[in-house]
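J.: Using only what follows, build the 3D model:
(chains A, B, C and D)
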2 protein chains.
Amino acid sequence: MPDRNRPSHSPDTTYTISELAKEFEVTTRTIRFYEEKGLIAPLRQGQKRLYTPADRVRIKLILRGKRIGMTLDECVEVIDMYDPAHNNSEQLRSLIDTVRDRRARFLQQRRDIDDMLAGLDEVQALCEQALADAGDTQ
Amino acid sequence: MPDRNRPSHSPDTTYTISELAKEFEVTTRTIRFYEEKGLIAPLRQGQKRLYTPADRVRIKLILRGKRIGMTLDECVEVIDMYDPAHNNSEQLRSLIDTVRDRRARFLQQRRDIDDMLAGLDEVQALCEQALADAGDTQ
DNA sequence: GCCCAAGTTTACGTTAACGTAAACGGTAAT
DNA sequence: ATTACCGTTTACGTTAACGTAAACTTGGGC
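T.: Next up is the predicted model:
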């Protein structure tokens, strides 16, 4: 049995596919699918996949993106912003533009969520009022 | 030609499908699809669909939901919270629970977006630093 | 009367993101 | 040695949310 008691912050920690699947509450199929799509590229020990902390972070970012409705392709776009394959000034400026556009979309989404939350507040207030009224006339 | 100059806030304003399609930048197919799925139920004048301001609001809510990754079914759930078909106290309490759950999900999404935005800030800072450095060594 | 733009119905096609099943390999415990 | 789990590959199935095309109707303009 491999050592499951090593500190989780160890730099050379690795994870099996089922460990990550359990942690993130997805199926192993999902994780393999992400690999198939090129979103992650785990090591292999023999035939089995071995995930590094970096892989784990990528999965975390993917799932975060998914929760706010991003497609996998969009997740890749955002994740790729992090890796420093941007050599010359032209690429840097282009990346800054991409960042600006993406930020605008995120801000729109946050406005949408705030609007939704405001709606929920109203609904709840109406509910509680109706409940109070029902209590009064009892 | 129908009057297209009536004030848009008139209570009995109606819209054609193409007007709404243009306003919300979707296709007419999309709007008909929402009807097919039971999300809206426009009036008819003869064979043609006529949309009321209430229909328009529902479409707006649907699209808002979609922007934050909600499915159409989830949009219906949320929209249905607004209409007062909640008669007795039991239903009211149940609705309050539903509201609480939904709010929790929205709050999670907002955290996700804030995390994404923080990531973009970092990326941008690194970009600008790299650009500045490139300028220095020129 | 004829045309055109906008509307309609019906139906099949498409894409993303997995689910599900089959068939197989490695290894650890009984 | 057999059972019990992981893990693997390959492949077909599924659902949501429309796109696209065909064939038809309808009211207004020339």
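J.: going forward, measure contacts between C-alpha atoms and count neighbours the same way
T.: Fine.
J.: what about the closest residue to chain B within chain A, neighbour count?
T.: Nearest residue of chain A to chain B (CA to the nearest CA) works out as residue A:69 at 3.6 Å. Other residues near residue A:69 come to 20 when the count uses other CA atoms under 10 Å in any protein chain shown.
J.: my guess is it is in a strand, correct?
T.: No - counting by DSSP: H, G, I helix; E, B strand; the rest coil, residue A:69 falls outside a strand, being coil.
J.: Any regions of chain A where pLDDT drops low?
T.: Flagging of chain A using pLDDT under 70 yields the residue ranges A:1-11, A:138.
J.: Now whatever residue of chain A ends up closest to DNA strand C, what are its backbone angles?
T.: At 3.1 Å from DNA strand C, residue A:71 is the closest residue in chain A, using CA to the nearest atom of the strand. Dihedral angles of residue A:71 (phi, psi; degrees, to the nearest 10) stand at phi -80, psi 170.
J.: contacting residues around it?
T.: Applying CA atoms under 8 Å, 6 or more residues apart in numbering or on different chains, we find residue A:71 in contact with residue A:65.
J.: Not counting its neighbours along the chain, what's nearest residue A:50?
T.: Leaving aside its sequence neighbours, residue A:50 sits nearest to residue A:43 (CA to CA, 6 or more residues apart in numbering or on different chains; 5.0 Å).
J.: any idea how chain A splits into domains?
T.: A:1-69, A:84-138 (automatic domain parsing).
J.: For the first one, what is the distance to the chain centroid?
T.: This points to domain A:1-69. Offset of domain A:1-69 from its chain centre (CA atoms, centre = their mean, to the nearest Å): 13 Å.
J.: ok, and does that domain reach over to DNA strand D?
T.: Yes - with CA under 7 Å from any atom of the strand as the criterion, DNA strand D is reached by domain A:1-69 at A:16-19, A:28, A:47-49.
J.: ok, now how distant is the residue of chain A closest to DNA strand C from DNA strand D?
T.: Note on residue A:71: its distance to DNA strand D, by CA to the nearest atom of the strand, to the nearest Å, is 12 Å.
J.: And that residue, how far from residue A:25?
T.: 19 Å (CA to CA, to the nearest Å).
J.: repeat for residue A:89
T.: Applying CA to CA, the value for residue A:89 to residue A:25 is 41 Å.
J.: So between these two, which is more surrounded?
T.: A side-by-side neighbour count of residue A:89 and residue A:25, using other CA under 10 Å, places residue A:89 first with 16 against 10.
J.: My read is that the more buried one contacts residue B:131, right?
T.: Yes - with contact defined as CA atoms under 8 Å, residue A:89 counts as touching residue B:131 (6.2 Å).
J.: and the residue lying closest to residue A:14 once chain neighbours are set aside, what does it touch?
T.: Of all residues not flanking residue A:14 in the chain, residue A:52 sits nearest, at 4.8 Å (CA to CA, 6+ apart). Residues counted as contacts of residue A:52 (CA under 8 Å, 6+ apart) are A:12-15, A:42-43.
J.: Which helix or strand contains the closest residue to residue A:39 other than its chain neighbours?
T.: The shortest distance from residue A:39 to any non-neighbouring residue, by CA to CA, 6+ apart, is to residue A:76 (6.5 Å). Here residue A:76 sits within helix A:72-82, counting by DSSP states H and E.
J.: what packs against that helix?
T.: Contact here means 3 or more CA pairs under 8 Å, 6 or more residues apart in numbering or on different chains; DSSP states H and E; on that basis helix A:72-82 packs against helix A:53-67.
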